[in-house]
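Enquirer: Return atomic coordinates for the entry below.
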Amino acid sequence: MNIENLKSQMRKGMLEFCVLLLLRHGDAYASEIISRLKEAHMIVMEGTLYPLLTRLKNDGLLTYRWEESPSGPPRKYYSLTPVGSEFLQQLRLSWQEINNSVNHLDQ
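Expert: You can find the predicted model right below:
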């Protein structure tokens, strides 16, 4: 088994959670989200992020607004909806359970 492939699959599985975590701090546009994910060593491409953002919006977890940009075209800023905030809380609890289980097995 290729460890890099497994790491990539694990990151993809966590991407939705990470995007919601980022947006709990405030609105952000796609390039900003990608940059912040890269800072956290979560490498993601635009081709992966845009469909995810669309799906989260269609699921009622995110909303967006257009805002003029000082340099270039208007930007689409994403933000959590109240439903998205509740969903994030559920994901956090699930993450804690998984983390506790893995830590228990690792002892």
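Enquirer: lowest-confidence helix or strand of the protein?
Expert: One helix or strand of the chain scores below all others by mean pLDDT, DSSP states H and E: helix 3-23, with a mean of 90.
Enquirer: Just the buried residues of that helix, please?
Expert: Within helix 3-23, the residues that count as buried by 16 or more other C-beta atoms under 10 Å are 11, 15-16, 18-23. C-beta: built from backbone N, CA, C; applies to glycine.
Enquirer: what's the answer for stretch 19-39, then?
Expert: In stretch 19-39, counting by 16+ other C-beta under 10 Å, buried: 19-23, 27-30, 33-34, 36-37.
Enquirer: again, but for stretch 57-69
Expert: Buried residues in stretch 57-69, defined by neighbour count with 16+ other C-beta under 10 Å: 57, 61-64.
Enquirer: closest to residue 79 among those residues?
Expert: If you rank these by distance to residue 79 using C-beta to C-beta, residue 63 comes first, at 5.8 Å.
Enquirer: Look up which helix or strand that closest one falls in, please.
Expert: strand 62-67 (DSSP states H and E).
Enquirer: of all the buried residues of stretch 57-69, which comes closest to residue 83?
Expert: Relative to residue 83, the closest of the buried residues of stretch 57-69 is residue 61; by C-beta to C-beta it sits at 6.0 Å.
Enquirer: hang on, the closest one packs against residue 82?
Expert: No: with contacts counted by C-beta atoms under 8 Å, residue 61 stays clear of residue 82, the gap being 9.8 Å.
Enquirer: Restrict stretch 53-70 to CA atoms and write it as CSV.
Expert: Listed next in CSV are the C-alpha coordinates belonging to stretch 53-70 (Å, rounded to 0.1, in the frame of the first residue of the first chain):
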residue,chain,number,x,y,z
LEU,A,53,-18.1,24.7,-1.8
THR,A,54,-21.0,24.3,-4.2
ARG,A,55,-22.1,21.1,-2.5
LEU,A,56,-21.9,22.7,0.9
LYS,A,57,-23.9,25.7,-0.3
ASN,A,58,-26.5,23.4,-1.9
ASP,A,59,-26.7,21.4,1.4
GLY,A,60,-27.6,24.7,3.1
LEU,A,61,-24.3,24.7,5.2
LEU,A,62,-22.8,27.8,3.4
THR,A,63,-24.0,30.9,1.8
TYR,A,64,-22.1,33.5,-0.2
ARG,A,65,-22.1,37.1,-1.3
TRP,A,66,-20.3,39.0,-4.0
GLU,A,67,-18.0,41.8,-3.0
GLU,A,68,-16.0,44.2,-5.1
SER,A,69,-12.3,43.5,-5.1
PRO,A,70,-9.7,46.3,-4.9
